[in-house]
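how does the following fold in three dimensions:
(2 chains)
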Amino acid sequence: MIKFFLLVNKQGQMRLTRYYEPMEIHKRTLLEADIIKNCLPRTKDQCSFVEYKDVKLVYRQYAALFVVIGIDDAENELAVYELIHNFVEVLDNYFSRVAFIYKARDPACLPNHFLSLPCHDH
Amino acid sequence: MKKELAALKEQVSVPTTSLKQMRECLVRLIYCEMLGYEASFGYIHAIKLAQQGSLMEKRVGYLAVSLFLNESHELLLLLVNTVLKDLQSTNLLEVCMALTVASQLFPPDMIPAVLPLVEEKLQHSKEIIRRKAVLTLYKFYLIAPNQVQHIHDKFRKALCDRDPGVMAASLHIYLLLIKENPGGYKDLTGSFVTILKQVVGGKLAVDFNYHSVPAPWLQIQLLRILRLLGKDDQITSELMYDVLDESLRRAEINHNITYAILFECIQTVYTIHPKADLLEKAAKCNGKFILSPKNNLKYLGLKALTYVVQQDLNLVLQHQMTIIECLDHPDPIIKRETLELLYRITNAQNVAVIVQKMLDYLRQSKDEYITISLVGKVAENPQTYAPNNAWFIQTMNAVFSIGGDMIPSDIPNNFLRLLAEGFDDEAEDKQLRLYAVNSYLALLEKNIQYPQRFLQVMSWVLGEYSYLKTEAKPEDIIQNLHCLLGKCSASLETKAWILSAITKLFRLTQNVKALPEVLQNYGNSTDSCLRQCSFELQQLVENREIMGTVLPLDASCDDIVVDASLSFLDGFVADALGRGAAPYKPHHQRQEEKLSQEKVLNFEPYGLSFTTSPQASCVTGRQSPAGLSFSSEISCNSTEPGLKDSDSLKLDGVKKVWGKEGYLRKKKESKEETLSPNSKSSVTTDRSSTAEKTAGVTAEEQEKQLLASSLFVGLGSNNSVSLMGKTQSTTQKFWRKSKIVEGQNSHEKTMHAQKAAVPSLAQIPNLMDNVLERCNPFQESKAILLGKKASDSAEASTEEPAQESDKTWTPSDNLKTIKAVPSASKESFSGLFADGNLDIIQPTNCSSVRVAHEPISSLTPSLPLEFAKLSHSQFELVRANENIALFSCKVWKEDCLLIVLSFTNRSSIEVTNAMVNFALTEELQACESTDFTFPLVESLTTVKCQLCLQMVKPCAQVLLTGHVTYHLESSQCTQEEFALAVFLSDFIRPLKLSTEEFGHLWLSLPNDVKQNLSFTSNSPEALTSALHILQQELKLHIVDIIGTEGIVACQLLPSTSCLLHCRFHAGILSVWLRSGCCVLPDCLLYEWQKVIQKV
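Just a heads-up that it's a prediction; the model follows:
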């Protein structure tokens, strides 16, 4: 089960968030800060999965942008890791090779199926 | 951001803002919330936009709503009508949006409103709608499983949908269903295997490929389902060997996603019934993971290994050097995963090394969450495997000081219990305790700050067991503890622990020099607990005799007999009552009275019964006769039996924790130890051979190998596949291994032995049944295919039998088979599930039996006169062969369900020693014996037996199975199995109550469920007619109907009552059920929905 989906840039600023479980806004901010602290400092040769409380974080870096997905125990980390890439490929296709970071600032421009992505499907 | 928010707030509140501008505002608001700024003022506008806007605005509105609100938000109610309207819209996109929002936001109590519409969408012509509908139902199932119970058959149809997307969506539901009840879906194994085979074989459209791997996520999902189905089931497992082999083979491309699939494959191969050849391949794949230079793969390999060691330890031995390297890996995540693996392979010989490694990691780790989970594991290991006393105590000390106050309280509790209960050897216990006392005294000398929990443990041990250390003076220890007490670092709770330790220590000495100081410091403490402790101390020191009985030596685990009814207070209470005090009422009674008083106005003048309450209140301040006030908080009126019961119940629970027998040990993960002399020697030879091989390597390597040999000692052997069957060491002195663990192991062994008997006797008839039934539909499927080949036959052909099966449900009836057309014709279609490619065929086994034995209808028995008067069902054929026939009939008696089973001898010779035996499941209970014998049944005659049944555990449907054995003349004994379905409604009886009794009972029932049912008719008579249908169909009793409200009562035999309160308003019937049993209301609602559907 995917719990949340985050896009963070290298400076640690949140670019896009999507939670599949209700969470209060101030708790989200705390969680995001913690996640940034946990994921961003890791080097490229370290593994892309991080344990954070009862969530497992899977992250992948694209240039200056990190995609972080929070999953539960039952999920296959590597499959989620590839899911990120699939997502990026879809974006790439949809926006025909525009650096999607800038487009992603406006959520209305994203394909609807992303923001309404069911929390269990790819 | 704040400025932007203020501007937005202003703009949305201006009425002239156009919808288009509003759309822009909402998009901005979404982004604000995403960045962590609350924008709750915009929520209502989002809902409005979703209600009013045209397509584009609607989309943004819905999007905003789904991002802003959650299931419990009150504004959600405003959305229901919009969603309903859009669900009925002809515009595809609107329906899609509505389904998405319903799946994301709807709470359980709003589901009934949209459920019929969503169900309808399962038949929609567009696949995207069908897929969304399936996903919406999946979400509904997640949050309210009982509400979608009736749609299970439709899920099967979704699984066979022509569109792979819909099929994939339905897998989510099946994964969940099978996880809950693996036995119920075994018949679908063939279908899942076929689907996986086609996916792996590349029969899906190219759109589904990801980096030229066909639908990887779908494959993963299927592998998970197969894993659940094949677990502990040889016959089912055999069906999937081929496809697993193929998956392992196909996934050879070097890409992350294939590794993800491989990982699932490995898990599945190791979960299902083992097959040597597959295991070998899986092990080889696992090697690829572990040895990979990529950290992601290494991590996954370790994870897989952790899973695999539960079945097979040998794999760990193969990779021991890699594991050692991972232990010193620069990435802490990998290290952590390695420790997890080591934890699984811990045994008595390697425990010291492994615990050392874990503690090392703990010292470096800063993360609170990791510390908690790891500390638990560290603490568990020494308790199970400690090699000696000193090591055990030292390790636990390390755990307590590193873990600090983050460690969960059960660790110190378990540790103390171990110390207190001791083991078989008295001398050993003493030594252990003495060692603990010594080490704590030494630690206290050091004058370092220790965590609270550690201090508590120390003070308890010192209080209990200081007497073992004869050379130390109790006064010194008291002094020590008193010092500790004075430090501000100790919390109040810890202080209470220390104070009670001091109290215990005073028992050992006549010297009370330190006493006044203690009393002075804590006798007037602001904390009532500390004050109580010091008063107790004072009392006890003054009266040595009581002290001896209250605080005996070494009796911490003797049962303390507590007078739960507090009978020694009887006199006191009688006195108080005599002086006019109000009798004591338990809490819930007071609450109820308060509630009922709130509801009605009180016209009676108030009495004067409370005038003497000051006297009654002295109950709490009293000193109990024994000079103790352990129970001062509980004041109890022993004239009230109900209260006495509840109190004694609580105290029993408390006592259990400390009782010797009653305490239930936390179940440990069973770990297999393989310490037989054989395996040991093989390990040593293994080691020596590896040593020879690597004779020339560097010292560093040798060090690693040394570590390896200490870590992996005692694991594995040359035997492959399974370790379960191996004997356990008896030579090892294994003093900490409890009997429970041993019991578990032996139990496991026998389980395994049964599994290994291939195939077990009970499975053979099943298998035969399956085979027979599978042949039948296959032929039929061909016939149908010939008949209506290209047409959409799948849906039409399943519809009818599915409905019929509802009525005559038998286990084999449930079997539906999916057969793909022979592969030759498959090629002509581009996609896998193109038109007509998949057909579901429903076997009609039951009716075929009936046809074959047409003549027996003349034998249909009649009911005995005494029962014929009661309401009863028709006799139905249960089982028949050429010699005998079994019929059953249900008689709904007032106090039970009576099953009348008739046994007819159809042969021309007499039948002897016929025996009927019913096997009851836990849901049912029989009033008398479940076995019946008939010594002699003449040719062409019928005998009958009766079984009285009651339902102990509510359940929508139970299968009552049984078998009949008989002898035909002197020939061999023949056995026939049979099964009858009994339903919840068979056990429901009207509960005749007056309105007043209903009101009383209503308050006393603890469990309630509310649900809204939508009605098509809006007339005020709808309620009355609905209730009368219920009365007829479910045998409920209508207590009263007033206007739009009605109350209904029923009981489930033997004696569980359930009350219903219905209110009809604007086409919606809100039902409120209350019952003494928490499952019954759900079941009843389900029955009701079935009845409504039928009508």
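
any idea how far B:Ala880 is from B:Cys896?
Distance, B:Cys896 to B:Ala880, using Cβ to Cβ, to the nearest Å: 27 Å. (Glycine included, C-beta is placed from N, CA and C.)

what ranges do the strands span in chain A?
A:2-9, A:14-19, A:49-52, A:55-62, A:65-71 (DSSP state E).

how big is the angle separating the first one from strand A:65-71?
Between the direction of strand A:2-9 and that of strand A:65-71, the angle (axes from the mean of the first three to the mean of the last three Cα atoms, to 10 degrees) works out to 170 degrees.

got the contact list for strand A:2-9?
Residues outside strand A:2-9 that contact it (Cβ atoms under 8 Å, 6 or more residues apart in numbering or on different chains) are A:14-21, A:32, A:35-36, A:39-40, A:55, A:64-72, A:75, A:80, A:101, A:104, A:117, A:119-120.

quick revisit: switch the strands of chain A over to TSV; also include mean pLDDT, mean neighbour count and distance to B:Ser709.
Shown next, in TSV, are the strands of chain A (pLDDT from 0 to 100; neighbours: other Cβ atoms under 10 Å in any protein chain shown; distance: least, Cβ to Cβ, whole Å):
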stretch	mean pLDDT	mean neighbour count	distance to B:Ser709
strand A:2-9	91	20	42
strand A:14-19	88	19	49
strand A:49-52	88	20	30
strand A:55-62	91	20	33
strand A:65-71	92	22	37
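
figure out which of the ones you listed is closest to B:Pro182.
Ranking those by proximity to B:Pro182 (Cβ to Cβ) places strand A:65-71 first, at 23.9 Å.

residues in the stretch 1-150 of chain B within reach of chain A, list them.
Neighbours of chain A within the stretch 1-150 of chain B, by Cβ under 8 Å from any Cβ of the partner chain: B:27, B:30-31, B:33-38, B:59-60, B:63, B:66-67, B:70-72, B:100, B:103-104, B:135, B:138-139.

residue 63 - how many residues pack around it?
As the question left the chain open, I've gone with chain A. Neighbours of A:Ala63 under the rule other Cβ atoms under 10 Å in any protein chain shown: 9.

I was thinking of chain B, sorry if that wasn't clear
Residues near B:Leu63, counting by other Cβ under 10 Å, number 25.

surely it touches B:Ile30?
Yes. If you go by Cβ atoms under 8 Å, B:Leu63 and B:Ile30 touch, sitting 7.2 Å apart.

and the helix ranked longest in chain A, does that touch chain B?
Ranked by residue count under DSSP state H, the longest helix found in chain A is helix A:77-94. Yes. With Cβ under 8 Å from any Cβ as the criterion, chain B is reached by helix A:77-94 at A:Glu77, A:Leu78, A:Ala79, A:Tyr81, A:Glu82, A:Leu83, A:Asn86.

so what's the third one up against?
In this structure, A:Ala79 makes contact with B:Pro216, B:Trp217, B:Ile220, B:Ile257, B:Ala260, B:Ile261, judged by Cβ under 8 Å, 6+ apart.

what's the answer for the first one, then?
Taking Cβ under 8 Å, 6+ apart as the contact definition, A:Glu77 lies against A:Ser48, A:Phe49, A:Lys56, A:Val58, A:Ile71, B:Asn296, B:Tyr299, B:Leu300, B:Lys303.

give me the low-pLDDT residue ranges for the stretch 501-650 of chain B?
Residue ranges of the stretch 501-650 of chain B with pLDDT under 70: B:553-564, B:595-650.
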